[in-house]
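> here is my input; please provide its structure:
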Amino acid sequence: MPIWPWKALSRPNASDASPARVFAAWSSGERIARWFSPEGSSVPKAEIDLRAGGVFWVEQGRGIGFEYAVEASGTLPGAKATMAGLCRGGVMLVFGVAPADSMLPVSQFQVYNDEISIIGSMAVLSTFEPAMRLMSAGAIAVPEMVTHAFPLAEFADAVDAVRNRKGLKIQVSQA
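Sure, this is the predicted structure:
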């Protein structure tokens with residue numbers, strides 16, 4: 001199964017760049033295409049529109065795709081683009097809140113032939129404050145929930161842990 005080549009990516013140290021330069025890089029389809037093109041792959045199309053309802057689309061060349069992709073826009077075009085960007089064996093997490101009558105046409109052939117998994121995650125508004133109160137009161141055992149912790153320098157190991165479903169919650173921190 002092709003995997004997203006995390007270890008093959010190289011980029012300059014982000015701390016050396018000014019915020020304006022980082023913003024310019026992340027808002028340019030041409031620059032994103034270069035960054036998302038590890039050796040041996042291609043990005044035939046990268047489109048970025050930062051306006052509300054816009055798009056962040058990176059099309060991977062044949063044989064390359066995302067192993068994990070999160071659809072967080074709640075829009076049909078966003079869901080279709082996310083699905084199209086998966087590699088063989090890829091997992092699409094539907095996180096965006098879509099209207100109740102929104103339907104995603106899915107090719108059953110693609111799902112079984114490419115071994116695609118589609119999973120959902122319910123995001124309920126206004127849950128952060130009550131969750132913080134419960135954690136502060138000790139009603140939620142947060143340390144027991146975080147089963148694996150990795151420093152940022154070991155990000156590839158954290159991705160492998162997620163990929164292999166090794167824990168309940170996996171934390172990556174800058175420390």
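
> drop to CA atoms for contacts and neighbour counts, all remaining ones
Noted.

> for residue 98, give me its contacts.
Contacts for residue 98 (CA atoms under 8 Å, 6 or more residues apart in numbering) come out as 74-75.

> OK, contacts around residue 111?
Counting by CA under 8 Å, 6+ apart, residue 111 touches residue 117.

> that one looks like it's in a helix, true?
Yes. Counting by DSSP: H, G, I helix; E, B strand; the rest coil, residue 111 is located in a helix.

> now do the lowest-mean-pLDDT helix or strand in the chain: distance to the chain's middle.
When each helix and strand of the chain is scored by mean pLDDT, DSSP states H and E, strand 56-59 comes last, with a mean of 70. Distance of strand 56-59 from the chain centroid (CA atoms, centre = their mean, to the nearest Å) equals 12 Å.

> partner strands of that strand, parallel or antiparallel?
Take DSSP bridges as the rule and strand 56-59 pairs in its sheet with strand 45-48 (antiparallel).

> residues in contact with the strand it pairs with?
Identification of contacts with strand 45-48 by CA under 8 Å, 6+ apart yields 27-30, 32-33, 54-60.

> okay, and the beta partners of residue 117?
Legend: beta-bridge partners of residue 117 under DSSP bridges are residue 91.

> that one: what's it in contact with?
89-92, 111.

> need the helices for the protein, in chain order.
Counting by DSSP state H, the chain has these helices, from start to end: 19-26, 29-35, 76-84, 108-113, 128-136, 142-145, 155-163.

> so which of the ones you listed is the most packed in?
Most buried of the helices of the chain, by mean neighbour count (mean count of other CA atoms under 10 Å): helix 76-84, with a mean of 19.

> that concludes my questions; thank you for your assistance.
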